[in-house]
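**Student:** A predicted structure for the sequence below; I have some questions about it.
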Amino acid sequence: MSAATVDAAGIPASAQVTKNRVWAVSWLAAARAVRSDLGVGQPQEYEQAAIASAVHAALSELVPSRQAELNAALERTLDRIPDGPAEDRGVRVGREQARVVLADRANDGLDPESVNGPYQPPAPGPGVWQPTPPTYGAAIQAGSRYAKPFLLDDPAQFRLGPPPELGSERYRADLAEVRALGVSGSAVRTDEQTRTAKFWEQSTQQAYTGVLRAALEQSRQPLFQRVGMVAIFNVALVDTQIAASDSKYTYARWRPVTAIRAADDGDGDPGTTPDPGWTPEATTPLHPDYPSGHNTYAGAAEAVLTALTGEGPDEAVTIGSSTAPGEYRTYAEWSQLTAEVVDARVWSGLHTRTADEAGVVLGRDVAEHDVRMAFQLLR
């Protein structure tokens, strides 16, 4: 399943979780079709036909505009498989499992209209999120917190504690760091820090899909386990985004650009000098600061990759970036990627370090839970 196929669904960038849902549903159908009670002991012809047919059936429903391309891809795959009862059974079971998963996820609240449902910001005040420059557009992804998770009991199951109090030592340190290192054209940010910030402006889903692919190529696990891990990887990322929306809109903490321009700690002390012209290195997304969405994603991906391979791959993994063309980075441990994403969102001027670190914690908690409970979806 290529990214181009999912992109053709016309899902807006403001509904990233909807894209992740397409991947999750498709790979979950494939994983169910080759799970231990259906696929183990079956010939390779069955596995190949079951995976291809499950993904095809799911995508045919989720991305109907690509029907011709999907049909052609399935035909090419089946042409490489010897005809016979194993292939026939694989096709049948793959289609059946796609229907089961699609039916279970019907009306789950992860369509773009629900994800980006109307949100009325609280009255302006110290610490309170408000629309951010340059567009001052409406909040996005606020509706994700009402969606149906795959494996969480409730979107609030791992809700974070509150962010630092306004005026606290941690709060002031957070803002001072972003103010100095995250401003556009910062005189104190190093070239390496700027390059790291630019590298991780890319979609974390896109970046970690490449990482997952490299990890799977090194895996020695049987096919049904590898397909199951791909499914849980994508399921966990959906659940993480639902949980992130819950925490974000529970606390509705203002973004650094709003805080620095106002320089009001809300404690009667004017704090640092207001800087009405302060502009972050990257454009601030239209949702609250706490926690960082990029870092919930990083924490969740790290947790699933760790479950798949341990603390790192057998051989270092190299990935590129759509937002830093021509630059490639190599990682020997999964935690190295997480650490870079934490730093990058500060150096981009988009988040406080507290919001980044809290995002990692939330993502790990959700993903570790989903890995433990994966049997509920794969049985």
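**Tutor:** In hand now; what should we look at?
**Student:** shouldn't Tyr290 be within a strand?
**Tutor:** No - going by DSSP: H, G, I helix; E, B strand; the rest coil, the assignment for Tyr290 is coil, not a strand.
**Student:** identify the residues contacting it.
**Tutor:** Contacts for Tyr290 (C-beta atoms under 8 Å, 6 or more residues apart in numbering) come out as Leu160, Pro163, Ser247, Lys248, Tyr251, Arg253, Thr352, Thr354, Ala355, Ala358. For glycine as for every other residue, the C-beta is placed from the backbone atoms N, C-alpha and C.
**Student:** which of those residues sits closest to Ile11?
**Tutor:** Nearest to Ile11 among those: Lys248, at 20.0 Å, using C-beta to C-beta.
**Student:** whichever strand or helix holds that closest one: which residues count as buried?
**Tutor:** In this assignment (DSSP states H and E), Lys248 forms part of helix 223-251. Going by neighbour count (16 or more other C-beta atoms under 10 Å), the buried part of helix 223-251 is 224-251.
**Student:** how about the residue most central in space within the chain, nearest residue that isn't a chain neighbour?
**Tutor:** By C-alpha atoms, centre = their mean, the mean C-alpha position of the chain lies nearest to Tyr297, the distance being 4.2 Å. Distances taken as C-beta to C-beta, 6 or more residues apart in numbering place Thr204 nearest to Tyr297, at 4.1 Å, with adjacent residues excluded.
**Student:** now that neighbour: how far from Asn71?
**Tutor:** 31 Å (C-beta to C-beta, to the nearest Å).
**Student:** if we can go back for a sec, how about the residue nearest to the centre of the chain, what does it touch?
**Tutor:** Applying C-beta under 8 Å, 6+ apart, the residues near Tyr297 are Thr204, Gln205, Tyr208, Leu237, Thr240, Gln241, Gly359, Gly363.
**Student:** wait, Gly228 touches Arg379, no?
**Tutor:** No - the pair Gly228 / Arg379 is not scored as a contact, 11.1 Å apart, by C-beta atoms under 8 Å.
**Student:** show me the common contact partners of the two, please.
**Tutor:** Taking C-beta under 8 Å, 6+ apart as the criterion, Gly228 and Arg379 both touch Arg35.
**Student:** skip ahead from the helix or strand that contains Ala344 and say which helix or strand is next.
**Tutor:** Per DSSP H and E, Ala344 falls inside helix 334-347. Following helix 334-347 in sequence order, the next helix or strand is helix 353-372 (DSSP H and E).
**Student:** now the angle between helix 223-251 and that following helix, please.
**Tutor:** 140 degrees (axes from the mean of the first three to the mean of the last three C-alpha atoms, to 10 degrees).
**Student:** how about the CA coordinates for helix 353-372, as PDB?
**Tutor:** Extracted in PDB, the C-alpha atoms of helix 353-372 (Å, rounded to 0.1, in the frame of the first residue of the first chain):
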ATOM      1  CA  ARG A 353      10.000  21.400  26.200                       C
ATOM      2  CA  THR A 354       7.500  20.400  28.800                       C
ATOM      3  CA  ALA A 355       4.800  19.900  26.100                       C
ATOM      4  CA  ASP A 356       7.300  17.800  24.100                       C
ATOM      5  CA  GLU A 357       8.400  15.600  27.000                       C
ATOM      6  CA  ALA A 358       4.800  15.100  28.100                       C
ATOM      7  CA  GLY A 359       3.900  14.100  24.500                       C
ATOM      8  CA  VAL A 360       6.500  11.400  24.600                       C
ATOM      9  CA  VAL A 361       5.100  10.000  27.900                       C
ATOM     10  CA  LEU A 362       1.600  10.000  26.600                       C
ATOM     11  CA  GLY A 363       2.600   8.300  23.300                       C
ATOM     12  CA  ARG A 364       4.600   5.600  25.100                       C
ATOM     13  CA  ASP A 365       1.800   4.900  27.600                       C
ATOM     14  CA  VAL A 366      -0.800   4.500  24.800                       C
ATOM     15  CA  ALA A 367       1.400   2.300  22.600                       C
ATOM     16  CA  GLU A 368       2.600   0.100  25.400                       C
ATOM     17  CA  HIS A 369      -1.000  -0.500  26.400                       C
ATOM     18  CA  ASP A 370      -2.000  -1.200  22.800                       C
ATOM     19  CA  VAL A 371       0.800  -3.700  22.300                       C
ATOM     20  CA  ARG A 372      -0.300  -5.500  25.500                       C
END
